[in-house]
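[1] Predicted model follows, preceded by the sequence.
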Amino acid sequence: MARTRSIFVCQECGHVSPKWVGQCPECGSWHSFAEETAPSRGRKGVNTVEATRPVALGEVSLEQEWARCSTGITELDRALGGGMIPGGLVLLGGEPGIGKSTLILQVLRNIAESGAQVLYVSGEESAFQLKMRAERLGHIPPSLYVLAETEIEGIFASCDTLSPRLVAFDSVQTLATREISSAPGSVGQVREVAARIMQFSKERAVTSFIVGHVTKEGAIAGPRVLEHLVDTVLYFEGERSSNLRVLRAVKNRFGPTHEIGVFEMRETGLAPVENPSDIFLSGSAPGMPGSVVIPCIEGTRPILVEIQALAAHSYLAMPRRTAIGIDSSRMALLIAIMERHLGVQLYDRDVFVNVVGGLKIGETAADLAVMAALLSSVKERPVPEGTVIFGEVGLTGEVRPVGKMDLRLKEAARLGMGNALIPRMKGAGIALPEGMEIRSIDHVTGLLEFL
Ligand code: TYD
Ligand code: MG
């Protein structure tokens, strides 16, 4: 019999090395290697010579696609690209306490209401704790089962007797397989457990949800080791202090990505928010210097959000640059463009930019709005009330058109915004909403005039 062999695995990125090293050659982390026992046998299926025959792609049936099943939660269906797929594996990530278990339990409840057997595997909470949580969410259907177990072999054995339609594993960091000696939560375990769940889902055409805690560095299980394996990756975003939660699809084998779902955390669980602009703008401070409203596009949907900026006198040798909700290097770039083209000095000021409500804006359409907010703060002059601003800014200070301008303006008009500052369009124009005063510029110097 072969001797068990030790390998060393980087707990940040999963890089495998035959001996211990201080710094990971893959991701550069220090002291991240932990010893694990190499699996004593090859991966399942490698040695079996069971022939799976190739099929003609043209003849593949799309029945699975038609079998897309609603989760009973509109905003979650939206993020999933229309619902759950039999055999699909969904990874739900987010910081502890953000509402992952709550959402999963709500889905299980909805599916169980239709009479289907569903199973909630919890390695974190006891059946008693789960019951307490479920009672807050409403009626508990009889076909909703819970299993407080952490060994994956035992879990699959229970599934044999129950044959559930939907299984949730909460969380992947608490589960382990017998075949690896390292502790639950280590890269080796997390990867192996997820691979086994994948195999299980595909073989039995069961939809599975895996919950994964994201650490402060933004990684799942230390590293984002599972993203490539699963079919769909959803992340929960939002500030725990606010009730708003954004569910973002960052990968989806069965539908579009970058579609988001918006929820509000209530006493009775997560409630979908159908018109997010109403929520993100509520409590905004119009008429204050440094506040600008931008209609951003999330997936196919326009959402109005408020961006706030503050440029205050700095007492530090290296002034602070803090960006929350936008990319910090993008902010640095915008500051440089402002200094060069608008003659605004920011080297002696601390600069803070914040997207209100905890949304993260990834699109460059926010450039002009961020710049306007900063300029408004520096000049202590407010942007006229009821104004939306968007546009991409280039290094030479030019303002470029962005996608879906008509959709953005339409949403702004719906919420009663009367003014817009947008990029100048060349060629064919767009349908502008009636009654809105629209000013278009092609260079950032236009901002000075506007304020
Ligand atoms: P939870 O789903 O346990 O988070 P996670 O699984 O991501 O760690 O959510 C926990 C928080 O949600 C907790 O602070 C209580 C709050 N909560 C509500 O506000 N309303 C509810 O109905 C429930 C079940 C939880
Ligand atoms: Mg939880």
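    The structure has been received and is ready for your questions. Numbers count the residues shown, from 1 in each chain. Ligands and ions are numbered 1, 2, ... in the order given.
[2] Next one: residue 439 from residue 423, what distance?
    11 Å (Cβ to Cβ, to the nearest Å). Quick note: C-beta positions are derived from backbone N, CA and C, even for glycine.
[3] Can you show me the strands along the stretch 151-300 of the chain?
    166-170, 207-213, 232-237, 244-252, 260-266, 269-272, 291-298 (DSSP state E, counting those that start in this stretch).
[4] Please state the offset of the shortest one from the chain centre?
    This means strand 269-272. 17 Å (Cα atoms, centre = their mean, to the nearest Å).
[5] For that strand, which strands pair with it and how are they oriented?
    Based on DSSP bridges, the pairing partners of strand 269-272 within the sheet are strand 260-266 (antiparallel).
[6] now the first one
    Take DSSP bridges as the rule and strand 166-170 pairs in its sheet with strand 118-122 (parallel), strand 207-213 (parallel).
[7] Give me every residue in the protein lying close to ligand 1.
    94, 96-102, 133, 136, 265, 267-269 (Cβ under 6 Å from any ligand atom).
[8] If we use 5 Å, what do you get?
    96, 97, 98, 99, 100, 101, 102, 133, 136, 265, 269 (Cβ under 5 Å from any ligand atom).
[9] coming back round to it: residue 439 and residue 423: who's more crowded?
    residue 423 (22 against 14; other Cβ atoms under 10 Å).
[10] Look up the closest residue to the residue of the stretch 251-400 of the chain at minimum distance from ligand 1, ignoring the ones flanking it.
    Residue nearest to ligand 1 within the stretch 251-400 of the chain: residue 269 (4.1 Å; Cβ to the nearest ligand atom). Closest residue to residue 269 apart from its sequence neighbours, by Cβ to Cβ, 6 or more residues apart in numbering: residue 137 at 4.5 Å.
[11] measure residue 200 to ligand 1 for me?
    22 Å (Cβ to the nearest ligand atom, to the nearest Å).
[12] before we move on, the earlier item: need the strands paired with strand 166-170 in TSV with mean pLDDT, can you?
    Output for the strands paired with strand 166-170, formatted as TSV (pLDDT from 0 to 100):
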stretch	mean pLDDT
strand 118-122	95
strand 207-213	93
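[13] Among those, single out whichever gets nearest to residue 395.
    strand 207-213 (38.3 Å; Cβ to Cβ).
[14] Send me that closest one as CSV with only the CA atoms.
    What follows is strand 207-213, C-alpha atoms only, in CSV (Å, rounded to 0.1, in the frame of the first residue of the first chain):
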residue,chain,number,x,y,z
THR,A,207,-30.3,22.0,-7.2
SER,A,208,-27.7,22.8,-4.5
PHE,A,209,-26.9,26.0,-2.7
ILE,A,210,-23.5,26.3,-1.0
VAL,A,211,-23.0,29.1,1.5
GLY,A,212,-19.5,30.5,1.8
HIS,A,213,-18.3,33.1,4.2
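[15] What ranges does this protein have for its helices?
    63-66, 74-80, 100-113, 127-137, 152-162, 187-204, 276-281, 328-341, 367-379, 405-414, 445-450 (DSSP state H).
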